[in-house]
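Visitor: Give me the fold of what follows.
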Amino acid sequence: MLDVNAHLAAIFDSNAYPPELRAKALDLLAQAGTQEERRRAEEVARAENLRLERTKLWLNTPIIAAVAGLLTLGATQILSIIQSKETAALANTYTRSLEERKFQFEMIKSALSDSKEPKQRATNLLFLIDSKILDGLDIAGLKKWAQEQDGQTPAFDSGSAPTRPGVEREFRTPVSQTLVAELSNKAQQAGTFDWMQHAIAELGVREIPGPDNNVRIMDYARFVELQLSGFNDELPWSGLFAHYVLKKAGFGNFPANPLQNRTWATWGQAIEQPKFGALAVFWRVSPESWQGHVGFVVGEEEGSLLVLGGNQQDGVSVAKFSKSRLLALRIPTKP
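Guide: Next comes the predicted model:
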């Protein structure tokens, strides 16, 4: 079979043929090359579209489906450009753009899978948008969805932390009234109801993911006149909760920095055995670390203390702490 392309190339390369004929040969070669690039690009596009559709079904979430749709649309638009321009150079650009879309798609998947909380997922997605990683996509829809989920968090520069301009609002989870009654009775029997009533009353208060803050936690900070610029409900606040409860009960002479939880290990009166309502101070990370946790003892189990405190599972709750981490037990005292 005659290799037409080879024959045309031979005509173009030979000075024996007139310029008009060589120019015609070059034109035919360019058209043949364009048709080949078009065929290859169409095959790549079909394969890419099929992969995107399978991915949408696999992930089965509205936002991922929207992203995949955007990618498919982008691939179709690029193919249209290749067909109209008829150059091998644009075919290479198309392939390169597909690789960029694949990278962007993987980045979006990662951002949305890092957290199960919609607000955090939205914050991650906004970071990708505002750091220009997703440039080239029609991101208006993505950004609108992310801002709705994230409480209209404004854009922020790549590498910087998101600001927290959100509102303060109440957020509590249901608490068993049986548990409340049981803890109140034990506090009265132990003679610690004076302060434990205030701790028990806060059960169920929880942090709010994203830019908003729980107004109750912010009220703790205001009540104790906390001097800390930029405080929010996602900073460590077990020491703040203890400070709030004890100040509410009329105690004083508190540690200079009550948010440094280990400073509570020298406040009040030391006791040897756990008592309902006593302050329990624990180490975190390691016994030598400056980090710690503080809360109120409400029970014991083998090898552990049950503690009612703040910043436990991101809220005010009763949680179990190993006695091996215990640094001090203190009973509040008044002058």
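Visitor: Any stretches of the chain with poor pLDDT?
Guide: Applying pLDDT under 70 to the chain flags residues 1-166.
Visitor: domain assignment for it?
Guide: Per the record, the chain has its domains at 4-113, 169-331, by automatic domain parsing.
Visitor: So residue 182: helix, strand or coil?
Guide: helix (DSSP: H, G, I helix; E, B strand; the rest coil).
Visitor: That one: how many residues sit nearby?
Guide: Around residue 182 sit 14 other residues, with neighbours defined as other C-beta atoms under 10 Å. From N, CA and C alone the C-beta is placed, and that goes for glycine too.
Visitor: before we move on, what about residue 190?
Guide: 15.
Visitor: Now the phi/psi pair for it, please.
Guide: phi -90, psi -10 (degrees, to the nearest 10).
Visitor: State the distance from the residue nearest to it when sequence neighbours are not counted to residue 216.
Guide: Among residues not flanking residue 190 along the chain, residue 276 sits closest, at 3.9 Å (C-beta to C-beta, 6 or more residues apart in numbering). According to C-beta to C-beta, to the nearest Å, residue 276 and residue 216 sit 24 Å apart.
Visitor: same check, this time on residue 309
Guide: Relative to residue 216, residue 309 is positioned 15 Å away (C-beta to C-beta).
Visitor: Same question for residue 256.
Guide: Distance from residue 256 to residue 216, by C-beta to C-beta: 25 Å.
Visitor: Those two - which one has more neighbours?
Guide: Taking neighbours as other C-beta under 10 Å, residue 256 and residue 216 compare with residue 216 leading, 20 against 6.
Visitor: which residues touch residue 220?
Guide: Going by C-beta atoms under 8 Å, 6 or more residues apart in numbering, residue 220 touches 226, 237, 240-241, 243-244, 310.
Visitor: Would you mind putting the residues you listed into CSV with neighbour count, distance to residue 290 and secondary structure alongside?
Guide: Output for those, formatted as CSV (neighbours: other C-beta atoms under 10 Å; distance: C-beta to C-beta, whole Å; DSSP: H, G, I helix; E, B strand; the rest coil):
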residue, neighbour count, distance to residue 290, secondary structure
226, 17, 19, coil
237, 25, 16, coil
240, 25, 17, helix
241, 26, 19, helix
243, 25, 18, helix
244, 25, 22, helix
310, 29, 19, strand
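Visitor: so where do the strands sit in the chain?
Guide: 168-169, 213-214, 269-270, 279-283, 292-301, 304-312, 315-322, 326-331 (DSSP state E).
Visitor: just so I know, which of those lies nearest residue 260?
Guide: Residue 260 lies closest, by C-beta to C-beta, to one member of the strands of the chain: strand 292-301, at 7.8 Å.
Visitor: Give me the sheet partners of that closest one and which way each runs.
Guide: strand 279-283 (antiparallel), strand 304-312 (antiparallel) (DSSP bridges).
Visitor: Can you add distance to residue 201 and give those strands back as JSON lines?
Guide: JSON lines is the format used below for these (distance: least, C-beta to C-beta, whole Å):
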{"stretch": "strand 279-283", "distance to residue 201": "18"}
{"stretch": "strand 304-312", "distance to residue 201": "11"}
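Visitor: nearest to residue 328, of those?
Guide: Here strand 279-283 is closest among the strands paired with strand 292-301 (C-beta to C-beta), at 4.5 Å.
Visitor: which residues sit against that closest one?
Guide: For strand 279-283, the surrounding residues in contact (C-beta under 8 Å, 6+ apart) are 242, 261-262, 264-265, 267-268, 274, 289, 291-297, 305, 307, 321, 325-332.
Visitor: what do you get for stretch 296-312?
Guide: Residues from elsewhere that reach stretch 296-312 (C-beta under 8 Å, 6+ apart): 183, 186, 196, 199-200, 202-203, 205, 217, 220, 236-238, 240-242, 245, 274-280, 293-295, 316-324, 326, 329.
Visitor: Swap in 7 Å and give it another go.
Guide: 183, 196, 199, 236-238, 240-241, 274-280, 294-295, 316, 318-323, 326 (C-beta atoms under 7 Å, 6 or more residues apart in numbering).
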